[in-house]
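Visitor: Return atomic coordinates for the entry below.
(2 chains)
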Amino acid sequence: MTVKVSRERVILVSDSARQMDERYYHLLHQLQAIDFVLIELNLFLDTHPNDVEALQQFNHHVQERWRIAHELERQYGPLMNYGHSFSGFPWQWVDAPWPWQV
Amino acid sequence: MWIYEKKLQYPVRVGKCDLKMAKFLMEQYGGADGELAAALRYLNQRYSIPDKVIGLLTDIGTEEFAHLEMIATMVYKLVKDATPEEMEAAGLGAHFANHDRALFYSNAAGVPWTAAYIQAKGDPIADLYEDIAAEEKARATYQWLIDMTDDVDLQDGLKFLREREIIHALRFREAVELIKEEQERKKVF
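Guide: Model prediction:
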């Protein structure tokens, strides 16, 4: 636990909220970008289920998404709970930073 | 069943400590056309809507929770280093007295969220028109919020959310057509 003084107020900074490096932000942005493509295709397919081209694009991006998510998780810990991601030791799910902390 | 993913849907950055915006952003957190109302509205309508559009309601309803988390992140980042004096000066004195810097499901005027904000009529067309209206109202609110700040970082996140409202409204309009087609088919046979 470190203490920093900001605007005359003492703020406790938990050291579990580790600083994330440039690589983390790079991979995170890549994942957010491909997930944007996937959510768009997903919603489009919900109302256009017979669009073969959209479906092909969707399945292609699913595969690419796996690759990026795996790379991010390998270096920075699990993205998902309840058994959808592997964890290193000790249990990494509870580690900061949480999404609003980065 | 829902699974949480430890990331925001889109990056949220704030360029400066614009506390007044934290108060205004609450409209999209716990307001009538905010993200909480949207998520609960769509997910609740799924049980009485034709099968054809349950997937769409599930997906958009789930995305709304991701948007709720983005709004929460904006408010959190804006208020986390504020002093009580600064909170009061920004019109957040009453909020601070009750909640400190905690978030709460209320609108920009401090009125707590209520289930009366959402409708469930059990009529697919009525429900989907309600959803389209909700998306258009949320889009308008995002535009007002964008106009109220000169923080380009905050505007970036708000513009993303505004665009999502447009897409959702479009998909709901298509869902109305799918329902109408189905109703027509039933009349023919």
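Visitor: Check the offset of stretch A:91-101 from the chain's centre.
Guide: Its chain's average C-alpha position is 11 Å from that of stretch A:91-101, according to C-alpha atoms, centre = their mean, to the nearest Å.
Visitor: Buried residues in it, which are they?
Guide: A:95, A:97, A:99-100 (16 or more other C-beta atoms under 10 Å in any protein chain shown). (Glycine included, C-beta is placed from N, CA and C.)
Visitor: Can you list the low-confidence ranges for chain A?
Guide: A:1-18 (pLDDT under 70).
Visitor: Now whichever strand or helix holds residue B:169: average pLDDT?
Guide: Assigned by DSSP states H and E, residue B:169 belongs to helix B:152-188. Mean pLDDT, computed over helix B:152-188, is 95.
Visitor: Ok, stretch B:8-21 next?
Guide: pLDDT averaged over stretch B:8-21 gives 95.
Visitor: Check stretch B:68-78 too.
Guide: 98.
Visitor: what residue is smack in the middle of chain B?
Guide: Residue closest to the mean C-alpha point of chain B, counted by C-alpha atoms, centre = their mean, is residue B:35 at 1.9 Å.
Visitor: Please report how far that one lies from residue B:25.
Guide: 11 Å (C-beta to C-beta, to the nearest Å).
Visitor: Out of the buried residues of stretch A:91-101, which are close to chain B?
Guide: A:99-100 (C-beta under 8 Å from any C-beta of the partner chain).
Visitor: Among the buried residues of stretch A:91-101, which pair sits farthest apart?
Guide: A:95 and A:100 (14.7 Å; C-beta to C-beta).
Visitor: Briefly note if stretch B:10-28 comes near chain A.
Guide: Yes - Stretch B:10-28 lies within reach of chain A by C-beta under 8 Å from any C-beta, at B:10-12.
Visitor: Just the buried residues of that stretch, please?
Guide: So for stretch B:10-28, counting by 16+ other C-beta under 10 Å, buried means B:10-12, B:14, B:17-19, B:21-28.
Visitor: Measure how buried residue B:140 is and give me the count.
Guide: By other C-beta atoms under 10 Å in any protein chain shown, 13 other residues sit near residue B:140.
Visitor: where does it land on pLDDT?
Guide: So residue B:140 comes in at 98 (pLDDT).
Visitor: Relative to the whole chain's centre, how far out is the helix or strand encompassing it?
Guide: In this assignment (DSSP H and E), residue B:140 forms part of helix B:124-147. From the chain centre to the centre of helix B:124-147 is a distance of 9 Å (C-alpha atoms, centre = their mean).
Visitor: same for that helix, what does it pack against?
Guide: helix B:19-30, helix B:35-45, helix B:152-188 (3 or more C-beta pairs under 8 Å, 6 or more residues apart in numbering or on different chains; DSSP states H and E).
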